[in-house]
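A.B. asks: Got a sequence here, can you build the structure:
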Amino acid sequence: MFNLSGRVAVVTGGGRGLGKAFGLALARAGADVVIADMLAKEAANTAQEIQKEARSSLAIQVDVTREDDVQKMAHQVKDRFGKIDILVNNAGINVISPAEDFPEDQWNRVVDVNLTGVFLCAKAVGRIMIGQKRGKIINISSIHGFVGSLHNAIAYNSTKAGVINLTRSLAAEWGKHGITVNAIAPGIILTELTRPRLENKDYHDLWVTRTPLGRIGQPEDLLGGMIYLASDASNWVTGHTIVIDGGYTAL
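C.D. replies: Down below sits the predicted model:
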């Protein structure tokens, strides 16, 4: 039920961090995995690691904010593998600034990557999935799509809320085509991007004390949910956002 053998997956932002962890997990479950990332070197390195798992892999440099780039990526995957079974919309950025001073150009940049980019990738791959009459799209949101924060991330939080309703809307439109669209909303996860802030003891302890399970999340904490949504185990689940946060939003 959780075996992904014969499936083809695309992971955006897959060159490092959570995207890399997702790509490797999908490969270990049996999928061939395309790593799509702005960072060409990191994408290539992750693709090489996936190949060591005896799976086919391809690295593609793509800017998810450019529709022509995204369409080219989707066609390249289709030409190489003949289909796309799974899309993981993981690419995202964050900019830290107080709301009253948040620069408009940085607001637009975060929206372009975190929300428009998710839509453009879903649109391009969704067309292929509609033709196949099947497919699974997994969007990466955040617990900050549900709750605000004191961490000066107004643009990030707003886009992650947008991803949650984009997920519902796509699920409603594309269910008739056999496509499921779901999301994962992680809590705080230790990655290359979050490590600098988590090295601040006050910041680290704030998260730990607010999290019932009493620790910072690790990338592997998300992988079970990822494989579930990518596999046949979730064939009657769509429009749903799985919160994986150690209980943070239960308080």
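A.B. asks: mind listing what Ala59 touches?
C.D. replies: Contacts here follow Cβ atoms under 8 Å, 6 or more residues apart in numbering; on that basis Ala59 touches Gly15, Val34, Ile35, Ala36, Asp37, Ala40, Ala43, Ala44, Thr46, Ala47. Heads up, the C-betas are built off the backbone N, CA and C, glycines and all.
A.B. asks: Keep only those of those residues that are in helices.
C.D. replies: Judged by DSSP state H, the subset of the contacts of Ala59 located in helices is Ala40, Ala43, Ala44, Thr46, Ala47.
A.B. asks: For the first one, grab the count of nearby residues.
C.D. replies: Okay, so that is Ala40. 13 (other Cβ atoms under 10 Å).
A.B. asks: quick check: mean pLDDT across stretch 168-179?
C.D. replies: Across stretch 168-179, pLDDT averages out at 98.
A.B. asks: again, but for stretch 117-128
C.D. replies: Here the average pLDDT along stretch 117-128 is 98.
A.B. asks: Residues in contact with it: which ones?
C.D. replies: Contacts of stretch 117-128 (Cβ under 8 Å, 6+ apart): 10, 12, 64-67, 70-71, 73-74, 78, 83-84, 87, 89, 91-92, 135, 137, 139, 163, 166, 170, 174, 179, 181.
A.B. asks: and with 7 Å instead?
C.D. replies: Residues outside stretch 117-128 that contact it (Cβ atoms under 7 Å, 6 or more residues apart in numbering) are 10, 12, 64-65, 67, 70-71, 74, 78, 84, 87, 89, 91, 137, 139, 163, 166, 170, 174, 179.
A.B. asks: counting contacts, what elements does whichever strand or helix holds Ile242 pack onto?
C.D. replies: Ile242 belongs to strand 241-244 when elements are defined using DSSP states H and E. On a contact count with 3 or more Cβ pairs under 7 Å, 6 or more residues apart in numbering; DSSP states H and E, strand 241-244 meets strand 179-186.
A.B. asks: CA atoms only for the helix-or-strand element of the chain with minimal mean pLDDT, dumped as CSV, please.
C.D. replies: Lowest mean confidence among the helices and strands of the chain (mean pLDDT, DSSP states H and E): helix 195-198, at a mean of 94. Taking Å, rounded to 0.1, in the frame of the first residue of the first chain, the C-alpha atoms of helix 195-198 are listed here in CSV:
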residue,chain,number,x,y,z
ARG,A,195,19.6,26.2,12.2
PRO,A,196,21.1,29.7,12.6
ARG,A,197,18.0,30.9,14.4
LEU,A,198,17.6,27.7,16.5
